[in-house]
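K.L.:
curious how this folds, go ahead:
(chains A and B)
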2 protein chains.
Amino acid sequence: MSEKKMVFFFGDGMAEGDAQMRDLLGGKGANLAEMTRIGVAVPAGFTICTEVCTQFFANNRRFPDNLTWRVKAALREVEAAMGRQFGDPENPLLVSVRSGARVSMPGMMDTVLNLGLNDQTVQGMILQSGDPRFAYDCYRRFIQMFGNVVLGVEHHHFESLIVKAKQRLGKVEDVELAAEDWMVLVAEFKLRIRQKTGREFPEDPWDQLWAAVSAVFNSWYKPSAVTYRRLNAIPEQWGTAVNVQAMVFGNMGEDCATGVAFTRDPSTGESGIFGEYLINAQGEDVVAGLRTPCQITLRGKQKNQSALPAMEETFPKLYNELVDTCHRLEKHYRDMQDLEFTIQNGKLWLLQTRTGKRSAQAAMTLAVAMVQEGLITREEALLRVDPLSLDQLLHPTLDPSARKQSRVLAVGLPASPGAAAGQVVFSADEAEESAAQGLAVILFREETSPEDIHGMHAAKGIVTVRGGMTSHAAVVARGMGRPCVSGCGSIHPDMEGGQFTVEEPGSANRLVVKRGDWITIDGSTGEVLLGRVASRQAEMTGDFATFMGWADGVRRLRVRTNADTPGDARMARQFGAEGIGLCRTEHMFFDLERIVAMREMILAADEAGRRRALDKLLPMQRGDFEGIFREMKDLPVTIRLLDPPLHEFIPHDVKGQTEVAVVLGVSLEEVRRRVAELAEANPMLGHRGCRLAVTYPEIYEMQVRAIMESACHLVKQEGFTITPEIMIPLVGYRAELAHLKARCIAVCQEVMASTGVNIEFLLGTMIELPRAALRAEQIALEADFFSFGTNDLTQTTLGVSRDDAGGFLGTYVEKGILTQDPFVSLDQLGVGQLVMLAARNGRAAKPGLKLGICGEHGGDPASIGFFDRVGLDYVSCSPFRVPIARLAAAQSALRIAAERAKEAKLSGPVRGD
Amino acid sequence: MSEKKMVFFFGDGMAEGDAQMRDLLGGKGANLAEMTRIGVAVPAGFTICTEVCTQFFANNRRFPDNLTWRVKAALREVEAAMGRQFGDPENPLLVSVRSGARVSMPGMMDTVLNLGLNDQTVQGMILQSGDPRFAYDCYRRFIQMFGNVVLGVEHHHFESLIVKAKQRLGKVEDVELAAEDWMVLVAEFKLRIRQKTGREFPEDPWDQLWAAVSAVFNSWYKPSAVTYRRLNAIPEQWGTAVNVQAMVFGNMGEDCATGVAFTRDPSTGESGIFGEYLINAQGEDVVAGLRTPCQITLRGKQKNQSALPAMEETFPKLYNELVDTCHRLEKHYRDMQDLEFTIQNGKLWLLQTRTGKRSAQAAMTLAVAMVQEGLITREEALLRVDPLSLDQLLHPTLDPSARKQSRVLAVGLPASPGAAAGQVVFSADEAEESAAQGLAVILFREETSPEDIHGMHAAKGIVTVRGGMTSHAAVVARGMGRPCVSGCGSIHPDMEGGQFTVEEPGSANRLVVKRGDWITIDGSTGEVLLGRVASRQAEMTGDFATFMGWADGVRRLRVRTNADTPGDARMARQFGAEGIGLCRTEHMFFDLERIVAMREMILAADEAGRRRALDKLLPMQRGDFEGIFREMKDLPVTIRLLDPPLHEFIPHDVKGQTEVAVVLGVSLEEVRRRVAELAEANPMLGHRGCRLAVTYPEIYEMQVRAIMESACHLVKQEGFTITPEIMIPLVGYRAELAHLKARCIAVCQEVMASTGVNIEFLLGTMIELPRAALRAEQIALEADFFSFGTNDLTQTTLGVSRDDAGGFLGTYVEKGILTQDPFVSLDQLGVGQLVMLAARNGRAAKPGLKLGICGEHGGDPASIGFFDRVGLDYVSCSPFRVPIARLAAAQSALRIAAERAKEAKLSGPVRGD
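P.N.:
Residues are numbered from 1 along each chain as shown, chains lettered A, B, ... in the order given. From the prediction side, this is the model:
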């Protein structure tokens, strides 16, 4: 047998473990040892390490041979430290037995409290506490917990006995039961256990202890724990440690209390201790909320307008001790702590400390404060804030008090964050018209399509009945920064009637909401509320600005934005975007006036007809680009030429097609014939992107002309410096790019010649097909830059259509085949290989080739870290993701630097010559 | 300037070039030199090499400085050899000036004949021939040709002068014009040239020569030549050589003749000279078909029932000389030759020899014969037959005489080869019913879908109105070996009326063909004929069997087949398939009885309902597999579990959906709801393949059960040895395969336990997604074999939907961006990289991993060569492609061996120790 250490004692200022031993002792055990080490009063105990758990399962659920004497020896030390004996009928030591894995798995595994009680030791407890009711209450709680957790007797068996007792005694609440009532129930509980299990409740404390340790180990494989691990990617083989610790009681009298404290305010980040406590209570009473807890500090008391006494008043000495402990812990752990404490007969015990969870606001505020206090470095501060949490700071949020008073109509998916109020409209055109009149509107649709873009843009927010987190509505709304609630299945639409009906959650009330009624949506929670609920604007000054400044100082990756309109561009610039990485040109064509010309182009019989229609679009496109160049003055702008298949621009319903026929003066037959001609089995893999330009070169010619004319105009008339970056989508072959490039360059030269302005321009390509990535070395020879279109690259590499993935991706995650949605976080092992290959081979063929990424992954922190390592020059993401990307890029740079430093250290100094 | 040789003389048994110098002298020049060298009588001449052409273009279309004296010197040698002088007014040497590139570009470039004629030398010609009419006819022909080719005067200018002359003289045919008539026309021609070009026709033969050489070089960039090169991937920089050769005349009298001969019969491959000739005629007369040519041999005369005298009779001595020359050339070139000869005044001259084109039948017959004669080796024989040409030998062909007498209704695309006659039916069900009654039917559809499969299978052939070479009808028909003509746009269908109307090609006749009328289709030409035309069955014995046996002896790659039915399996086995590489199970479900159960499964509300429906399918599937295992006794069978999305099994039209509702006893609403639920934006990337089994595990469970039950039954009851290969499609993740594998193995073990039979089985996966290829190293750990699904891998890697590629792939080929359809021949540079990567990494993770390919590329010779080099174990293709694949694999093995031998030679002997 291994002679490795299995059991780690802590108590009385001395501990065999420490905070570094998390893998072996679990998080809880490691922190209990650490606190003990630094002199914080922690009830003595010991940790049975995770390796014992592993052996336990390897050995057919039996303990290692030599565990027994080790546990006995450790318990003897606990007895010495606490001055009580395990099983002593006069002064018994009671213990808690708790799980504790490497990473927190809250509530997933089992715990047994008050272990060591039996018919004899309960008498000792009475002796010590002088309170028989307290002692028997502890005893019956122990039997209940042990019966349930260790012996598998379901809760309701015990609960029903209590209910019967109360009926018999004419009592309503548990607290009304007296010592002798509990004494009877203890006997009844034991009887019930015998009936249910055929076994006696174990009176021997050692039998109790071994059974409880065994039960905690076994709970590692409880279905809920298994599921939790799978969802959080926690390896099975880690196992759990078991912490056996002396019980202390906060409910032994008026000089007892229990509480939780944060070393700083977890919602605002303000300095100063923050927390609640209850006199004469157990930890679970604070959590259960049956009694109103008191504030710890006087300041907290004032802030919460609490009438109850603060701990600062009632236990001033212990309060100072707690404050001192908080400071000590925060300084020691160098982060804000969340701790649990118990006061037993006037003595303060710490039961747990851990890094405190915090709001995004608090995370940033306290990180900045801690740097200013000299507690942590800027680098540490940057690494402590979850980039994704910044999202909360950028969007308007509902005013909490106004929120409380309003009525929730429905709850859908939180598809795009932020809060907005507006009058309901039922079509995109309506939204645009109302917005033009200065009205705030919420666009309600069954689902959205590209034809709704102008309405989504005009609306303050969007609600859809169908569609998930990656539906058209969700993706587009996030891109635009519009709040969106999607998949509101409980809403019954009546689009013709201009109203919808909804049953309020949790009631049978049917409410009808009509066109023009006010509603408010919270895209961060998925709630749709009735009426106009006040919200608060985000602020991007103060700590936010300081913090983001630090981030910008360390990152290597540039951050651009995906923006299709001057408005989006302006917003993104405010968020810190350093240019546009993707300006899609297709949305521009959905404008009411333009779509007519676009459709005329599509329905034209020949090239001449197409050119006539495109001539109408040219001045509008020129205006689009001029507006964007203006907003992005002095920053680079990448414009992608037309990408979607032409059929997206023609309505699919007969009504819409009839309108088109009337407007364009052709027959409905003609429109339908063209629709049939353009129909595709798999549009994603069809006639789109640069393939359109191979068959209809005049489309890209018009677009390139518009780009160059607007750029030359601004350069000539207003002295701008512009280097337009023209991007060709869906390239798979070098010959394809070479063919189109020649035409584009010809147009550029023609425009420059006719305007007499000479400007530099770049011509690059999207890398969004596996073939393009595989042939990057060749394609690079024709390109000034690559921009990875990881959305399409993911679709093709995985063979998964984002529009259709809803039918199965959920099941994949459920069954643990996938741990994350590959459209949210880049599939680094698969798609990432292609990105890496293309980046390497592209640069091998053309050193200094500019590389960027403009898929949705450009705003995902994990993916950004990957792109940083691959050596891309920039990521481009939707405006609201820009701050997230800035921070993620900073964190990535810090991590890479740390790894390099570590490697350098490992390899030692290199001798030069 | 380079002192390299530029001009290569040949004549009088001596030549400066030879057959190896094709790159420098072009094909024609090299062969003229070679023939001269081996003592064949060839009119003397010289070749100006291709490097001069390159210099000509590099030097702004000017000849190199020192070309002049070289040409003069060479021409002096020609004069000596032929005994005539260039420009001599008494005995003038006339020459032809012809192009000659490395590879033949038939008719693409220019030629000038009879060069050297002018008003003086024409007198010499009269002296020599004694025939003024002949001399002036030559002269006017020369002016016409020179005027057109060199001076750019269009043909019609000369033709109209001839027409006017004949009108003036009251003559109809050219032959009626006398010497003096031509003399007048010569003058008129020269006048017209002066009018059109402002220049005099050059009288100086040297001016004529340089101008003609220049014109031939320039014709390298004629638009037609440029297009031809692009289509045939011939590099621009090769350039052409120019051959200047003494003229000989077959039209100088009755002791003159001209002819073409093959050293063996090019359509049957039979030994013995084969060809035609004309007395007192020019080469172009044989080609033009104005006079009926005579046979060269007596045997030919008998065979063709010709009344005209054979050369064997008229020129017995020259005939023997020709036969002797044929033998000499064939022995020298070691292949069947196609040659041109001219007899001038009783002397036989050879003007050209080249490897003769031959029918597939002839290629095989003569290859076998030549091996038996000891002329070539088996390896050479194998390399000489184009694998694709074997297709002609495998399918029934129309009897040529019957074909001549029948009426062509329409011509569509030759979508699937072979000839078939049958009565027209208009639906798949009708086809199946009629076939069940023993009738031969041709299935006529506007287009086909998976629902038509059973009808296509029952029919003798298929005709569709819409769809290209890769349409559903074409792909499925080729797979089944059914002849198919697709895209017959000139047929106007009346499906409801059970008839179609068609305008006969080249006439305004409208014909109506009704249900039950006989038609015949030729899928090799795309013709649809009226009535029942006789056809000939293919024979696979004799030379074919000998030849294929040699191929099998040489190849390393195994050849399996894609077969879904026992019938296909049997046919493929006859063609030499060594197992089944892909047995698709989806087609099995389209059977009338089964589709009901399939639809019941799809519409079931829950798993229990699905299982009930699947239980009905189980015995039928078991029967399917038993049938296939029987046909493939002792050979491996790979069965792919269900792949297509479920919506393919439900009709998309209301009528069909109503029928489904009635049959299954559910509401139409219910059916439509489910159809809407299953609808996908991109089915190719949707809920299909193994994704179906992740969400509905019971489907694969039923299929695996059916496979194992049938295998165990045959093993137990009939002593078969079967190792079923179960294949899971569309895997992208290792976890996906591991998840499904566990379930499959459980079912296998259960079946083996319950039947008491223990058999080995393999569980593998398709590699058809880029991610699967990229993660092959991981996926291999769960797989017993990989089978590359290059159809889908091409679709995803290129981002091109095969169904939608019609809209743009044509333009890509037209514009030269693509040189071949990537669905026909593997995109080796793109998709091939993934295949290579996956093969290498898969084997690295699991040495000996079995690798195969089952996409359409498995039957494409170029792709097969690639798969051989990558090291796959087998290719699998449709039954009719099996012989093609066997030969292609043999050729690949020979080429690889040759390269290795060459490498070994280059690297020299390795010293052992």
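K.L.:
make it CA atoms for all contacts and neighbour counts henceforth
P.N.:
Will do.
K.L.:
right, and A:V554 touches A:A890 too?
P.N.:
Yes: contact criterion Cα atoms under 8 Å: A:V554 and A:A890 qualify, at 5.4 Å.
K.L.:
the two: which is more packed in?
P.N.:
A:A890 (28 against 19; other Cα atoms under 10 Å in any protein chain shown).
K.L.:
let's check: the centremost residue of chain A is which one?
P.N.:
Centroid check for chain A by Cα atoms, centre = their mean gives A:L388 as the closest residue, at 6.1 Å.
K.L.:
a helix runs through that one, doesn't it?
P.N.:
Yes: with DSSP: H, G, I helix; E, B strand; the rest coil as the criterion, A:L388 is assigned to a helix.
K.L.:
quick one: contacts for it?
P.N.:
A:D860, A:P861, A:I884 (Cα atoms under 8 Å, 6 or more residues apart in numbering or on different chains).
K.L.:
now do A:I38
P.N.:
A:G13.
K.L.:
next one: A:E270
P.N.:
Contact partners of A:E270, counting by Cα under 8 Å, 6+ apart, are A:R264, A:A362, A:T365, A:L366.
K.L.:
for the third one, helix, strand, or coil?
P.N.:
A:T365 falls in the helix class when you classify it by three-state DSSP.
K.L.:
quick one: it from A:G479, how far?
P.N.:
For A:T365, the distance to A:G479 equals 27 Å [Cα to Cα, to the nearest Å].
K.L.:
circling back: most surrounded residue in the contacts of A:L388?
P.N.:
Greatest neighbour count in those, by other Cα under 10 Å, goes to A:I884: 27 neighbours.
K.L.:
list the residues that contact A:V502.
P.N.:
Applying Cα under 8 Å, 6+ apart, the residues contacting A:V502 are A:L409, A:A410, A:S490, A:I491, A:H492, A:R510, A:L511, A:V512.
K.L.:
among these, the buried ones, what's the ChimeraX command?
P.N.:
Listed next is the ChimeraX selection for buried residues among the contacts of A:V502, using 16 or more other Cα atoms under 10 Å in any protein chain shown:
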select /A:409,410,490,491
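K.L.:
chain neighbours aside, what residue packs nearest to A:R358?
P.N.:
A:P266 (4.5 Å; Cα to Cα, 6 or more residues apart in numbering or on different chains).
K.L.:
same question, A:P493
P.N.:
Per Cα to Cα, 6+ apart, closest to A:P493 is A:F500, 4.4 Å.
K.L.:
burial count for that neighbour?
P.N.:
By other Cα under 10 Å, neighbour count at A:F500 equals 18.
K.L.:
quick one on the thing from earlier: restricted to helices, list the contacts of A:L388.
P.N.:
Those of those mapping onto helices are A:P861, A:I884, per DSSP state H.
K.L.:
for the contacts of A:L388, which one is nearest A:R141?
P.N.:
Closest to A:R141 out of the contacts of A:L388 is A:P861 (46.3 Å), distances taken as Cα to Cα.
K.L.:
list the contacts for the closest one?
P.N.:
A:P387, A:L388, A:I884, A:A885, A:A888, A:A889.
K.L.:
just give me the neighbour total for the closest residue to chain B within the stretch 201-350 of chain A.
P.N.:
With Cα to the nearest Cα as the measure, A:R230 is the residue of the stretch 201-350 of chain A nearest to chain B, at 12.8 Å. As a burial measure, A:R230 scores 19 neighbours (other Cα under 10 Å).
K.L.:
what strand or helix carries it?
P.N.:
Using DSSP states H and E, A:R230 falls within helix A:223-231.
K.L.:
which residues of the stretch 201-350 of chain A fall in strands?
P.N.:
Along the stretch 201-350 of chain A, counting by DSSP state E, counting those that start in this stretch, strands occupy A:240-246, A:257-264, A:271-279, A:294-295, A:337-344, A:347-355.
K.L.:
tell me the strands beside the fourth one, with direction?
P.N.:
So the one you mean is strand A:294-295. In the sheet, strand A:294-295 lines up against strand A:271-279 (antiparallel) (DSSP bridges).
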